[in-house]
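Asker: Below are the sequence and a predicted model; questions follow.
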Amino acid sequence: MKSAAKAKLSAALTALALGSALGSLTASPVMAKASVEPEESDVNTLPAATKSWFFVQRGFVLSGTSIYDSATGKLLGQVETPILSDMALDPLGKAYYVSQSIWTKGSRGTRQDYITIYDSTALKVQADIDMPGRLLVGGRKNNFIVSEDGKWGFVYNFSPASSVNLIDFTKRKFVKTIELPGCADLIPNPGVGFSALCSDGSMATVSVMGAKPAITHTAPFFEATNDPVFDNLAYDKGRKQAVMMTYTGLIHIASISATPTIAPAFSIQEAAGIRKGETKPLEVNWYPGGGQPMALHRPSGHLFVLMHKGEYWTHKEGGEEVWEVDLAARKVVKRLMVEGKPRSIEVTQEASPRIITAGEDEAVRVIDPATGNATYTIEHAGGGPITVIEP
Amino acid sequence: MKKFDPDALGEKMLRRFAGGTSRRGMLARFGAALVAAPVFPLLPVSRAEAAKPDRSPETKTLFARTAQTADDTKCNYWRYCAIDGSLCTCCGGGVHTCPPGAEPSPVSWVGTCINPEDGKAYLIAYRDCCGKAYCAKCDCNNTDRETQLYTPQLNNDIIWCFGTTSMEYHCSTAVLVGAA
């Protein structure tokens, strides 16, 4: 009897262990019954975008831009962005625009440049707008911009002569090409057209409303070859300001209008209480770096900058710290250590923002600006650039 | 009224010049100039010499201080001071040679790199090889004097496959153009 009872107990324990092992393999801790009903395939749709969303372009090798919610760290979907394409958001939230290029025979044949319009709920193609050409570069957010009212698109072209394609999103048509000699990096200029940075260190402003585009320039304010402004500048449509960062760490703020004005620059290093960045070799200091080295939190006017230690001409280096700059006070108010040597940074535009970084390790991190801790680390997510929903 | 005609004016001037000179006369004058040359102070040249860039270690970038001349399949090979992409030397090509089936772009971005053997600066044309899928071997991303899109000739992110039959990027070469 004893041995029989022992055998029974042992069998019961084995069944229990097996059950618990199986239970741990299923998704629910409750022993829910697996559905055995016949099913149909269906397709998800996206809800309306919220300010906690962010978009990560996966990089030079993997196509696609992933949509995440920084509140949950969950992947919600993917916008079809081929390699070297540029994505822009419809400010009204109804569409995603992808400026892209293909050839009729794969990598050869006749080149075709066009903007594909995806609706923002089903991510289905609504239309393609053909245009004459565009720059193939990747990693830039200012080669394809949309006007504040969502009616106009501006696509930078380089053939290798510089120009801009004007797109009418109401009629879904290419309108014309505007010559833009010696300039790039498009900045929205509401009611006027666009502004751009130029090789003489000036800002150009192009009025597109008249029959013939008119181009004016500010006086030069930065050194284009010695201390360049990073391409990925930030535009604040509420304040109508463009915030720009140079390789040495100078912060320029431009008030955007028909005749933009540039405020005197200040050094991010001096704003942190250390000596300013130099262009000389052997001057080890903290420098801004990466492809998308800064992010502007518009509600607070705080700039978040990827900074690394090194010498000058290391402007593509990933960040070791994120410096938070109060632009109005011209002070660095916080320095956070970050992992993964990020080369791209964005910040959600919520009242309590979240920092998003993407870096050399292909991991995307959602970081709490108060503590510097990564709330979520998303592996194999790509290197950016990153886009957020703007207010 | 007679319109200004630069062609006619040019022809007239040249004919007048040709009428008043001979080849021998020209040679004689050129020879005299050669002989007399050392007598003249060569001001522009002297100035250029005086303004010659300082190539001491203190003025060299981190890349230039650590560059080598022996192995062109490594990112720190001296000519690669501003290269970005796959080295063609690792993809079946060479430092100025595209791999089979690829096509060199006639235009490029440029870098100014210092040869550690003679301490001199050279102009390097980073010509992309195009028309084949990305090689993805020996990826380098060096940034000496590399700038942004508004100075495109100094930017190494652009796909420099203009004027080729395909704009597909394969790898990058570093062609020595001459002394900088």
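Answerer: Nice, thanks for sending it over. Since the structure is predicted, the reported quantities are computational estimates derived from the model, not experimental observations. Residues are numbered from 1 along each chain as shown, chains lettered A, B, ... in the order given.

Asker: in what helix or strand does the closest residue to residue A:55 other than its chain neighbours lie?
Answerer: Beyond its immediate neighbours in the sequence, the residue positioned closest to residue A:55 (Cβ to Cβ, 6 or more residues apart in numbering or on different chains) is residue A:387, lying 4.2 Å away. In short, each C-beta sits where N, CA and C put it, glycine included. Residue A:387 belongs to strand A:386-388 when elements are defined using DSSP states H and E.

Asker: From the contact counts, what lies against that strand?
Answerer: With contacts defined as 3 or more Cβ pairs under 8 Å, 6 or more residues apart in numbering or on different chains; DSSP states H and E, the secondary structure elements packing on strand A:386-388 are strand A:53-57, strand A:342-347, strand A:355-359.

Asker: As a markdown table, the ones you listed with mean neighbour count and mean pLDDT would be great.
Answerer: Putting those into a markdown table (neighbours: other Cβ atoms under 10 Å in any protein chain shown; pLDDT from 0 to 100) gives the following:
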| stretch | mean neighbour count | mean pLDDT |
| --- | --- | --- |
| strand A:53-57 | 24 | 97 |
| strand A:342-347 | 28 | 98 |
| strand A:355-359 | 28 | 96 |
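
Asker: Can you tell me which of the ones you listed is nearest to residue B:60?
Answerer: With distances scored as Cβ to Cβ, the stretch of those nearest to residue B:60 is strand A:342-347 (25.3 Å).

Asker: Determine whether any part of the closest one lies close to chain B.
Answerer: No: using Cβ under 8 Å from any Cβ of the partner chain, no contact is recorded between strand A:342-347 and chain B, whose separation bottoms out at 10.2 Å.

Asker: same thing with stretch A:353-371?
Answerer: No: residues of stretch A:353-371 are not located near chain B by Cβ under 8 Å from any Cβ, the shortest gap being 10.2 Å.

Asker: Keeping just the C-alphas, turn that stretch into PDB.
Answerer: Listed in PDB are the C-alpha atoms of stretch A:353-371, where the atom choice follows Å, rounded to 0.1, in the frame of the first residue of the first chain:
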ATOM      1  CA  PRO A 353       8.300  64.400 -22.000                       C
ATOM      2  CA  ARG A 354      10.100  61.200 -22.700                       C
ATOM      3  CA  ILE A 355      13.500  61.100 -24.500                       C
ATOM      4  CA  ILE A 356      13.900  58.600 -27.300                       C
ATOM      5  CA  THR A 357      17.400  57.600 -28.400                       C
ATOM      6  CA  ALA A 358      18.600  55.300 -31.200                       C
ATOM      7  CA  GLY A 359      22.200  54.300 -31.700                       C
ATOM      8  CA  GLU A 360      25.000  52.300 -32.900                       C
ATOM      9  CA  ASP A 361      23.700  49.200 -31.100                       C
ATOM     10  CA  GLU A 362      20.400  49.400 -33.100                       C
ATOM     11  CA  ALA A 363      18.500  49.600 -29.800                       C
ATOM     12  CA  VAL A 364      15.900  52.300 -29.200                       C
ATOM     13  CA  ARG A 365      15.600  53.500 -25.600                       C
ATOM     14  CA  VAL A 366      12.700  55.400 -24.000                       C
ATOM     15  CA  ILE A 367      14.300  57.500 -21.300                       C
ATOM     16  CA  ASP A 368      12.800  59.300 -18.400                       C
ATOM     17  CA  PRO A 369      14.400  62.800 -18.500                       C
ATOM     18  CA  ALA A 370      14.000  63.200 -14.700                       C
ATOM     19  CA  THR A 371      16.200  60.200 -13.800                       C
END
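
Asker: which of the residues in it are buried?
Answerer: Along stretch A:353-371, these residues count as buried under the neighbour rule (16 or more other Cβ atoms under 10 Å in any protein chain shown): A:353-359, A:361-367, A:369.

Asker: what distance separates it from the middle of the whole chain?
Answerer: In terms of Cα atoms, centre = their mean, to the nearest Å, the centre of stretch A:353-371 is set 12 Å apart from its chain centre.

Asker: Beta-bridge partners for residue A:78, please?
Answerer: As for beta bridges, residue A:78 partners with residue A:66 under DSSP bridges.

Asker: hang on, I meant residue A:378
Answerer: Following DSSP bridges, residue A:378 is listed with bridge partners residue A:364.

Asker: Per-residue confidence, it, what does it come out as?
Answerer: At residue A:378, the predicted lDDT confidence score is 97.

Asker: next one: the one 3 residues further on
Answerer: We have a pLDDT of 94 for residue A:381.

Asker: in chain B, which spans are strands?
Answerer: Along chain B, the stretches classed as strands by DSSP state E are B:84-86, B:103-104, B:109-114, B:121-126, B:128-130, B:139-141, B:169-172, B:175-179.

Asker: Residues contacting the last one, please?
Answerer: Surrounding strand B:175-179, the residues in contact under the criterion Cβ atoms under 8 Å, 6 or more residues apart in numbering or on different chains are B:79, B:95-96, B:108, B:110, B:120-127.

Asker: Pull out the buried residues from those residues.
Answerer: The neighbour-count test (16+ other Cβ under 10 Å) applied to those identifies B:79, B:95-96, B:108, B:110, B:121-122, B:124-127 as buried.

Asker: Mind listing the residues bridging to residue A:295?
Answerer: Beta-bridge pairing of residue A:295 under DSSP bridges involves residue A:304.

Asker: Please name the residues that touch it.
Answerer: Applying Cβ under 8 Å, 6+ apart, one finds that residue A:295 lies in contact with A:234, A:303-304, A:345-347, A:355-356, A:386, A:388.

Asker: strands paired with the strand holding residue A:387, and their directions?
Answerer: strand A:53-57 (antiparallel).

Asker: re earlier: just the buried ones among the contacts of strand B:175-179 now: which is nearest residue A:138?
Answerer: Looking at these and their distance to residue A:138, the nearest is residue B:126, at 16.9 Å (Cβ to Cβ).

Asker: residue contacts, that closest one?
Answerer: Applying Cβ under 8 Å, 6+ apart, the residues contacting residue B:126 are B:82-84, B:108-111, B:156, B:160, B:172-175.

Asker: Just the buried positions in stretch B:141-159, please.
Answerer: B:142-152, B:154-159.

Asker: How about stretch B:90-110?
Answerer: Within stretch B:90-110, the residues that qualify as buried are B:90-93, B:95-96, B:98-99, B:102-105, B:108-110, counting by 16+ other Cβ under 10 Å.

Asker: Would that stretch count as contacting chain A?
Answerer: Yes: with Cβ under 8 Å from any Cβ as the criterion, chain A is reached by stretch B:90-110 at residue B:107.

Asker: mind listing the helices for the stretch 201-350 of chain A?
Answerer: Assigned helices in the stretch 201-350 of chain A, in chain order: A:268-271 (criterion: DSSP state H, counting those that start in this stretch).

Asker: Poorly predicted segments of it, please.
Answerer: Low-confidence regions of the stretch 201-350 of chain A, defined here as pLDDT under 70, do not occur.

Asker: how about the residues of it near chain B?
Answerer: A:224-225, A:228-231, A:280-282, A:310-316.

Asker: Mark which of these are buried, thanks.
Answerer: When burial is judged by neighbour count using 16+ other Cβ under 10 Å, the buried members of these are A:224, A:228-231, A:281, A:310-316.

Asker: May I ask which two of those residues are separated the most?
Answerer: Among these, the pair separated by the greatest distance (Cβ to Cβ) is A:231 and A:281, which sit 23.7 Å apart.

Asker: What are the contacting residues of stretch A:93-103?
Answerer: With contact meaning Cβ under 8 Å, 6+ apart, stretch A:93-103 is reached by A:48-49, A:79-82, A:84-90, A:109-120, A:123, A:126, A:134, A:136, A:143-144, A:146, A:153, A:155, A:169, B:166-167.

Asker: Report the buried members of the residues you listed.
Answerer: The neighbour-count test (16+ other Cβ under 10 Å) marks A:49, A:79-81, A:84-90, A:113-118, A:120, A:123, A:134, A:136, A:143-144, A:146, A:153, A:155, A:169, B:166-167 as buried among these.
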